[in-house]
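In: I need the structure of the sequence given here:
(chains A and B)
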Amino acid sequence: MSAVLGTAAVALGLASALLGVATLAIGLRRKDPRLLRGGQRYVWLVLAGAVLATGAMQIALLSHDFSLRYVALNGSRSTPLLYTVTGMWSALEGSILLWGLVLAGYLAIMARRFKDRAGDPLVAWATLAALAVAAFFFALMAGPANPFRVVDGPVPLDGPGPNPLLQNHPLVAFHPPMLYLGYVGFTLPFAFALAALATGRLGEGWLMETRRWTLFAWGFLTAGIVLGAWWSYEVLGWGGYWAWDPVENASLLPWLTATAYLHSVMVQERRGMLRVWNLSLLVATFSLTILGTFLTRSGVLESVHSFSESPIGPSILGFFGLVVAVSIGLIAWRGDRLRSPGAIDSPVSREGAFLANNVAFAGFAFVVLLGTVFPLLAEALSGARLSVGAPYFNRMTAPLGLTLLFLMAIAPVLPWRKASGNVLHGRLAPSAWIATGLVVACVAAGIRGLGTLLAFGMGGFAAATALRQLALSVRAARRSGAPAWRAVTGRTNGGMVVHLGVVVVAVAFAASSTFAESRQFRLAPGQSASLSGHTVTYLGVEEIVEPNRTVARARVRVDGGKVYAPGLSRFPFATQAIGTPSVKTGLREDVYLTLVAVPEDGADTAVIGVRIQPLVVWLWIGGTIMALGTALAAWPGGRRRRGDGERAGPQPVAAEPAPPVGVPT
Amino acid sequence: MRPRHLSGAGTTAPVVPTPRRSRRARSWALLAVILGAALFVGARGDGSPPTDEQRASRIAAQIRCPTCRSQSAADSDAPAAQFVREEVLRRVRAGESDGQIYGYFVGRYGEQIRLNPSGGGVGALVWALPVVAVGAAVTGLSVAYRRRRPGRRPATAGDRALVEEALRRE
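Out: Below is the predicted model of the structure:
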């Protein structure tokens, strides 16, 4: 039953997306607003298809309908309800279905928001592009990644359940959907960028539409990445929160280019510059989500997170190529209209700093992309088999990260166009002295290591700047009689809150990756061991049998206080045991316990892994501040007028095509 | 008058008298000296050579756990990683150099055991390309900036019309 319903729903989604594309294309060709409005309505059918397909999949999972191949491979009667529901995104086909559902949701929001402007060619082109992307994902579901394939041969009575790592913690219900809300969210800015190129309306109007979409998607992606790091650290027991693994890198790449875009878009709004660059960043962000899916889902790269290998590689790679080719072609075609009407007056200016920021972010993305695909490249070029791992990424990204922290410290106080020495001195000297004082204090406290000290100093500098800007905003709000909460909302102030979160994350990252100590101890019950001033006492081990797994839990007393219970779970269909760490979290440092080996063969000693890592909790605090800042930045500020979507504030005159007045070309 | 004076944020500061400027320069120089001294002390380390365990864990962090995907031998709890850690520590205690220890593991498992590709052969590209790319971007931008710099050109009639138009609207 589910198979029939699901297949029909996928067919509905695919057909409506294709019909929508066709209707819009004809409407655009004939300049017929009625057809454009009609084309937009197909979005609702696409949404219906995605919702029905998701419903069919959930019915199949919940009713243990093992006649579906996907359920037979990823469901089981003993899996708890939550993990049966999340089973939908525990393997490739279901993940594509989730992708399709999120995309259809975004499409529907877009259609609703632009209902009154359906006849506008810009909106029509954007809808067309987004529908084309949806058609691709529905085509994947109809073909190589069909979630509704039925099993060959007899229907099994039970299945193995989801991958053990994906039924170990409730976070599986939040992290993947959050990540997908981020990835898929970049489709709409990309669609608007293509629409701007196709219509030739390359002024700043389309930016207004896409800026917030990008901000939302960016916020979800940020939250998704931080949740993933937390999950990897607290639950999966991989020891760290970030391993520069291909899947992690694949999520970081679009984040980097989107961050670059969120900054450089301000230069375009303000000065009309960087038009090609901004379009390229949007295209790059979207393409990198697709490339990331290819790298991590096709099995070409080894990753700790790739929960599936599949035959969709060629299709995704082909789609990636198509996206890149179409985008580059359009940008080249419109090249003459993309010439900026402005020029940079001085490198020491806000726009100069944003430019430097973009070079650093693009360089960062380049390092991450190169390091991720380099093993493939090296093997293809010379047959050499190499690994590129955390030491490489840490060394290469550290200077870029420090540069970004430095820019974060100076850019917010730089005026547009040109800065005088007087202004710079007045705005930067206090923060710079705070940073210097911080470095001196750190050295006095015995902290050593150039990179770490620079990170702390730059972090202090950037934080002081962000706090200064927020304090100024609070003062201005008080003076004008606006409510105090207004002082932290809006893009600029929310941005400063995000900066504070980034500083907290950066400092925590630098400290925790430099000063970690770890050791494994073989202990008999009652025996203690100590590391970096912490004492752990092993008390014994207990075994708990649950329906879907068997858990061995060691009881370990930390510093004579609370007892922690790191565990090892065994799942019936998996060969390797899954560790679950137990963490004593502190504001200063974490004591991270793992059960490495349970007592066996009559012996009563267990191997306990102990890791002391400073400031880790600040990663999650910083991530939360970043998410909060994003919400504040997206908060409708006083500058926005309701309804028309145009900005009310002063804005550069940028007619289309922009006449380059007084600017040499 | 050039249109740049219309933008509110970029108001040019009044000409600063020389004494203030030199006081400013002195305060930044003082800051640079203090910061430089602190960083110099901080970068030197605490003087004592690393213990065998510290050296071994630094080396193990650069070696891939043979049975894992993309985890280092220092991070993994797998038995093979345990073996690598013990072997590294044994060799460190035996007085082998970092290069000798990496050489042993490369000989045993192949070049891919190193998470930090060595500087020779194709592996050099992964280090050089980003440096070249960022360097080229910075050079390209500064050349473009020099070339496009408007300089002190007299305002054209078009500029004046634009300014008047903007002033009328305000």
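In: excluding chain neighbours, what is closest to the residue in the stretch 501-650 of chain A that chain B sits nearest to?
Out: Nearest to chain B, among the residues of the stretch 501-650 of chain A, is residue A:596, at 4.9 Å (Cβ to the nearest Cβ). The way it works is simple: take the backbone N, C-alpha and C, and place the C-beta from them, glycine included. Closest residue to residue A:596 apart from its sequence neighbours, by Cβ to Cβ, 6 or more residues apart in numbering or on different chains: residue A:607 at 4.0 Å.
In: the residue of chain B found nearest chain A - how many residues pack around it?
Out: For chain B and chain A, the shortest gap (Cβ to the nearest Cβ) falls at residue B:115, measuring 2.8 Å. A total of 24 residues lie near residue B:115 under the criterion other Cβ atoms under 10 Å in any protein chain shown.
In: what's the answer for residue B:160, then?
Out: For residue B:160, the neighbour count with other Cβ under 10 Å is 13.
In: isn't residue A:75 right up against residue A:159?
Out: Yes. Assessed by Cβ atoms under 8 Å, residue A:75 is found in contact with residue A:159 at 4.8 Å.
In: which one's more surrounded, the two?
Out: Per other Cβ under 10 Å, whichever of residue A:75 and residue A:159 has more neighbours is residue A:75, with 26 against 22.
In: measure that one to chain B for me?
Out: Distance of residue A:75 to chain B, given as Cβ to the nearest Cβ, to the nearest Å: 26 Å.
In: so what does the residue of chain B closest to chain A look like in phi/psi?
Out: Phi and psi for residue B:115, reported as degrees, to the nearest 10, are phi -80, psi -20.
In: once you drop chain neighbours, what's closest to it?
Out: Among residues not flanking residue B:115 along the chain, residue A:389 sits closest, at 2.8 Å (Cβ to Cβ, 6+ apart).
In: ok, the one you found to residue B:97 distance?
Out: Noted for residue A:389: a distance of 22 Å to residue B:97, by Cβ to Cβ, to the nearest Å.
In: name the helices or strands packed onto the longest strand along chain A?
Out: Longest strand in chain A by number of residues, with DSSP state E as the criterion: strand A:534-545. Strand A:534-545 makes packing contacts with strand A:517-523, strand A:528-531, strand A:550-558, strand A:589-597, strand A:606-614 when contacts are defined by 3 or more Cβ pairs under 8 Å, 6 or more residues apart in numbering or on different chains; DSSP states H and E.
In: pop the domain breakdown of the chain in here.
Out: Because you didn't say which chain, this covers chain A. Domains of chain A are assigned by automatic domain parsing as A:1-162, A:420-488, A:517-614.
In: ah, I was thinking of chain B
Out: For chain B, automatic domain parsing gives the domain ranges B:52-113, B:118-145.
In: out of those domains, deepest packed?
Out: Comparing these by mean neighbour count (mean count of other Cβ atoms under 10 Å in any protein chain shown), domain B:52-113 ranks first with a mean of 18.
In: just the terminal-to-terminal distance for that domain.
Out: Its first and final residues considered, domain B:52-113 spans 22 Å by Cα to Cα, to the nearest Å.
In: quick revisit: what's the most buried one of the domains of chain A?
Out: domain A:1-162 (a mean of 20).
In: tell me the average confidence for it?
Out: For domain A:1-162, mean pLDDT is 93.
In: do the same with stretch A:499-510
Out: So the average pLDDT for stretch A:499-510 ends up being 96.
In: cool, stretch A:297-311 as well?
Out: pLDDT averaged over stretch A:297-311 gives 62.
In: all set, thanks.
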